[in-house]
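Visitor: Got a sequence here, can you model it:
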Amino acid sequence: MRFYVPEWDDAVDAHYDFEHDELSTLNRQERDLAYIWDIFEPETAPIDGVLISREQVEETDRKAERLAEYGVYDDPVLSVPNWLPTISDCGAWGYKSLPFPPYGNEGMLEFYETLDVTVGVTIDHLVLGSGKEEGRLYLDERAFTGELSKSDIPDAIEDVVDIMTDEWPSEWPDYVEEYEPTIRTAVDAEVEPFSIDDFQGDIDHVLARLAQDSRAVYREDDAAFRYELTLRNAQAMYDLYQQRDYPFRLMVAIQGWNSDTYAAAAEDVLEIGYDYLGIGGVAGSPIHDVRAIVKSVGKSVKTFERKHNTRIDSHVFGFAKTDGFETIGRSGMTSFDSASMLRSAWTGGQNYRLDHDERYDAIRIRYPSSRDDLETAVETALRGRETLVALRAYDAVDSIPDALEDWHDLAAQVLPAVKHYLREHRHDEQFNERLLTDVEIAFRDDFKYGRELQASFSGTLRGALVKLLRKDDPDDPIPISEYDTLLNTAAEIFDQFPHATPILNAADTVSGYDRVWTIVREYAMWIGDDDLLAEYQETLRKRPWEECDCPICRESGIEVCIFRGNDRNRRRGFHNMRRFYDEFEEELPKILVATRGTASLNGYDTVEDYLRDKHPDFWTYTHDLPVAELGVLDANGVNEWWEDSPAIVSFAPDRMAANVAEQTARYQHLFVHTDNGMLDNETADAARENGCEVTTCPDPAVLRQQVLETCGENYAVGDDFLPQPPKIETDDLDVLVIDQCSGSKNAPDDAPVFDADETLQFSPGDLLARDNVPGIAARDLYTGRQQNYVRDAVRRLRSNGHSVDRYFISAGFGLVAEDDLLPPYEVTFSSMNVSEINERSGKLHIQEDLLRVLEESDYDIVFFTLGKDYYTSIDIDDMIQEVRSDRIGVVFNREIVEDQFDNIESVPARLEDANRHDTIVIGLKGLYLKNFAKYVEKVDALQPATIEQLCQRVEEKLNQTGFKNY
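Guide: Numbers count the residues shown, from 1 in each chain. The predicted structure follows:
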């Protein structure tokens, strides 16, 4: 399984000056840029490849020309290392509002060849839906340059048609003429502006007229068109690809609007002949939609693989959520990409990540705004500088007061030194430059305090001085007073400093944390970030940057937890990716499965042909394995299954050991099939020295099972690792029921009743120790209609020999067993909003206690007989994933969950269902469980759908006429 990062010019200044917030050089062309692959060593880099979209390549002419000349691997700026594979696509998100992709198939193939990428992707068109009632209307934005603006389009049209406006390319690909010959225009041809008359009249007539307009495209069913166009491009591009010996692998992109259309598209393109399939259009989609789509496509792919004894690689575009790891793993996906972990560093809160659950807010120290006047800019810079000095001292465990005093003493020297320097040097030849940047470079490098001037007194002040320097002609000098006016203004602001020292003296601060928190709090309130104070406290108290050993946190320390500018924020993004990748490797281990090659390897066109012919048993048992990568070992290292066979085959021990060791440094496990179960010691030892666990096995069937067990528990159970409905024999079932507390409770009238605060503050044992407080078993305390039905169901199941554990989610005391003694209380989640439920659930440790119950036992069936608010308290969407894939979980009114997981059944329990059972909704879940207990003895085996049938079963009744009611 490989993770690709999209290339969006995400680079930092390799030699950035954090102390003064200065770039290493103001000339971008001379700056040493560092991408994520430059910061991390090959074996620790948190990426396995780079995704490069044409849209990004052509964002600037300079970048496009440079990559066209050098390619992605030899480009002096991008400089992607050879060990990183690259995927390039057309960037469908970038042209989603155009009626057609702006590229032609042959042109894209040439583009991929020019860039020298590893994989090129077919042209897809993002499926956005069919549009409103009348469909979708595309309008050329270039036609709104006259009197009519887009806001002038009549509401009557916008109400029935989804309108998309974008600047159309001056020339469309050739194939567009087949669909819309009217929009073909010559290069740089003038576009006639729209007039209000173009949109006046009967809606149907307007749309019919625009359908023939060169500036418009109208479609009644746009989703179907985009879907079919994507498939057409897949066929056309494959045919072109087969005609030439291109140096890159071709991936097919598919689109759809639900799991069924995606699966159908997958089946179509696999029949064309593709062996690498990409699922497009899911970026930004809800996790439940992505799970359903990936699962459906994965089943289609695995069916094809097994039918044709081949292997298909699959990629998920724009998706990287830890909640979806199991789905993409068990569905057989082999790669995915996303920039979300990188972007999260500067696009919201909790932007410093340690793991999926542990995240912190970076502390915002703001630059002066370009709109600020000089006084405001200087004060903002000084306050920020003070706060940064305090934060760095806190990080280093140095004295914060001493650090502030040292800074103030330094800053006090800057403005007088500037005045002296300008009087002596303002007419130096080095300032006789046309470009402001060149003047600023000379000033910054020559003046002793050039960097400190900006760091403490703002770039606004330094920039204003530089402008005067460029303007200042020795033959026509400007008055020195113009410089002095700027510097005197800054000096007046500086006279108010040190600002933080008096605050520390006035406050009761003892520890370094107390001092830094006092300064950060005062700064945040002054700058307007007081809504982040609680988050800042957590960050400063926990010092999370010390818990990470990535090179960024190791070298930059607290700077990574400061929200300020690209060079900190992107570094934090790189750190986030490293932490995400750690979770990725834990959930989806990096596994390489290989067999040792023979001298006949170069006698075949492809490695796959060789494996199928020379190692048929190995291929049969491994070609459909999920997560793992597959190949053949020789002196070149690992020849992947999809590659052309090497021209020269060698098994030189030294070379083989060196190359295998280099490649396996990025893997956790190497499984090797050999006839005798042995791999030469030199190669095995070299791989182990790089941290890769090596397992050899002569039996392919055993090797397959070992790989699946390494992938995880859910991969190794049953006959197939794919998500599928489990089947459970009904003899001696182990059942877990997670019930909820009820509003009606069985307690003595004179007993004290405890409220939400008391049940949170004291344990049941503490409350029961008080006078006149009765202890009532949970199963007897809750007397609601549902709870009574569940009690009857549990008794019946136990009487028939089944084992049943019953727990309650109590809004008062958390997770309680049915035998636990509780005092009377009155607390319910039903009166709380979502945030209040989550807060109380966390304090009661409900989720972690329930998780422990699920982990420590092996239940056949888990019933979650809970209402909406109680589902929230346990985060049901996460909790159901703890039910083993070969076991069954049952929820109610959660159809969206059922679509994602084959072992989870959602039983509808709404008003119409209650009416059918002659009961009310409140007790229906309990009645369902009672039905299950009654009828389960009539079946030999259970599948998820069977449980729903048993729960919803209605006994036939005779009416007064003797006929059956159903």
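Visitor: Would you map the strands across the stretch 401-550 of the chain?
Guide: Taking DSSP state E, counting those that start in this stretch as the criterion, the stretch 401-550 of the chain contains no strands.
Visitor: low-confidence ranges in it?
Guide: Scanning the stretch 401-550 of the chain with the threshold set as pLDDT under 70 gives no residue ranges.
Visitor: show me where it has helices.
Guide: Applying DSSP state H, counting those that start in this stretch to the stretch 401-550 of the chain gives helices spanning 436-446, 450-457, 459-471, 480-494, 500-506, 512-527, 533-542.
Visitor: Can you give me the buried ones in the first one?
Guide: I take that to be helix 436-446. The neighbour-count check on helix 436-446 (16 or more other C-beta atoms under 10 Å) flags 438-444 as buried. Quick note: C-beta positions are derived from backbone N, CA and C, even for glycine.
Visitor: and what of the third one?
Guide: Judged by neighbour count using 16+ other C-beta under 10 Å, the buried positions of helix 459-471 are 459-462, 464-466, 468-470.
Visitor: Check the last one too.
Guide: With burial defined by 16+ other C-beta under 10 Å, the residues of helix 533-542 counted as buried are 535-536, 539-540.
Visitor: Point out the other elements, helices or strands, that that helix touches.
Guide: Applying 3 or more C-beta pairs under 8 Å, 6 or more residues apart in numbering; DSSP states H and E, we find helix 533-542 packed against strand 359-360, strand 363-364, helix 512-527.
Visitor: Compare these and give me the one nearest Glu608.
Guide: Set against Glu608 and scored by C-beta to C-beta, the helices and strands packed on helix 533-542 come closest in strand 359-360, at 42.8 Å.
Visitor: Just checking: what are the partner strands of the closest one?
Guide: Partners of strand 359-360 in the sheet, by DSSP bridges, are strand 352-353 (antiparallel).
Visitor: who touches the partner strand?
Guide: Outside strand 352-353, the residues that touch it by C-beta atoms under 8 Å, 6 or more residues apart in numbering are 341, 344-345, 359-362, 539, 544-545, 560-561, 572, 575-576, 579-580.
Visitor: what do you get if the cut-off is 6 Å, keeping everything else the same?
Guide: Residues outside strand 352-353 that contact it (C-beta atoms under 6 Å, 6 or more residues apart in numbering): 359-360, 362, 561, 572, 576, 579.
Visitor: what's the answer for stretch 266-284, then?
Guide: For stretch 266-284, contacts defined as C-beta under 6 Å, 6+ apart pick out 121, 124, 126-127, 231, 234-235, 238, 251-255, 290, 297, 300, 304, 312-319, 642.
Visitor: Which ones among those lie within helices?
Guide: Mapping the contacts of stretch 266-284 onto helices (DSSP state H) picks out 231, 234-235, 238, 290, 297, 300, 304.
Visitor: Enumerate the positions of stretch 866-886 that are buried.
Guide: Result for stretch 866-886 [16+ other C-beta under 10 Å]: buried residues 866-867, 869-874, 876-877, 879-881, 883-886.
Visitor: now do stretch 554-572
Guide: For stretch 554-572, burial by neighbour count (16+ other C-beta under 10 Å) applies to 556-565, 567-572.
Visitor: closest to Ser810 among the buried residues of helix 533-542?
Guide: Of all these, Ser810 sits closest to Glu535, with 30.6 Å by C-beta to C-beta.
Visitor: Next, the angle from the helix or strand where Asp395 lies to helix 533-542.
Guide: Element membership of Asp395, judged by DSSP states H and E, is helix 374-396. Helix 374-396 and helix 533-542 meet at an angle of 40 degrees, taking axes from the mean of the first three to the mean of the last three C-alpha atoms, to 10 degrees as the criterion.
Visitor: who's in contact with helix 374-396?
Guide: Under the criterion C-beta under 6 Å, 6+ apart, residues 365, 368, 400, 403-404, 407, 455-458, 460, 489-490, 493, 497, 500, 512, 516, 519, 523, 557-558 lie in contact with helix 374-396.
Visitor: Kindly export it (C-alpha atoms) in PDB.
Guide: Backbone C-alpha positions of helix 374-396 (Å, rounded to 0.1, in the frame of the first residue of the first chain) are rendered in PDB as follows:
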ATOM      1  CA  LEU A 374       3.200  52.400  10.700                       C
ATOM      2  CA  GLU A 375       2.300  52.800  14.400                       C
ATOM      3  CA  THR A 376       0.100  49.700  14.400                       C
ATOM      4  CA  ALA A 377       2.600  47.700  12.400                       C
ATOM      5  CA  VAL A 378       5.400  48.500  14.800                       C
ATOM      6  CA  GLU A 379       3.400  47.800  17.900                       C
ATOM      7  CA  THR A 380       2.100  44.500  16.400                       C
ATOM      8  CA  ALA A 381       5.700  43.500  15.600                       C
ATOM      9  CA  LEU A 382       7.000  44.400  19.000                       C
ATOM     10  CA  ARG A 383       4.300  42.500  20.900                       C
ATOM     11  CA  GLY A 384       4.700  39.500  18.600                       C
ATOM     12  CA  ARG A 385       8.500  39.600  19.100                       C
ATOM     13  CA  GLU A 386       8.100  39.700  22.900                       C
ATOM     14  CA  THR A 387       5.800  36.700  22.800                       C
ATOM     15  CA  LEU A 388       8.100  34.800  20.500                       C
ATOM     16  CA  VAL A 389      11.100  35.500  22.800                       C
ATOM     17  CA  ALA A 390       9.100  34.200  25.800                       C
ATOM     18  CA  LEU A 391       8.000  31.000  23.900                       C
ATOM     19  CA  ARG A 392      11.500  30.200  22.900                       C
ATOM     20  CA  ALA A 393      12.800  30.600  26.400                       C
ATOM     21  CA  TYR A 394      10.000  28.400  27.700                       C
ATOM     22  CA  ASP A 395      10.900  25.800  25.100                       C
ATOM     23  CA  ALA A 396      14.600  25.900  26.200                       C
END
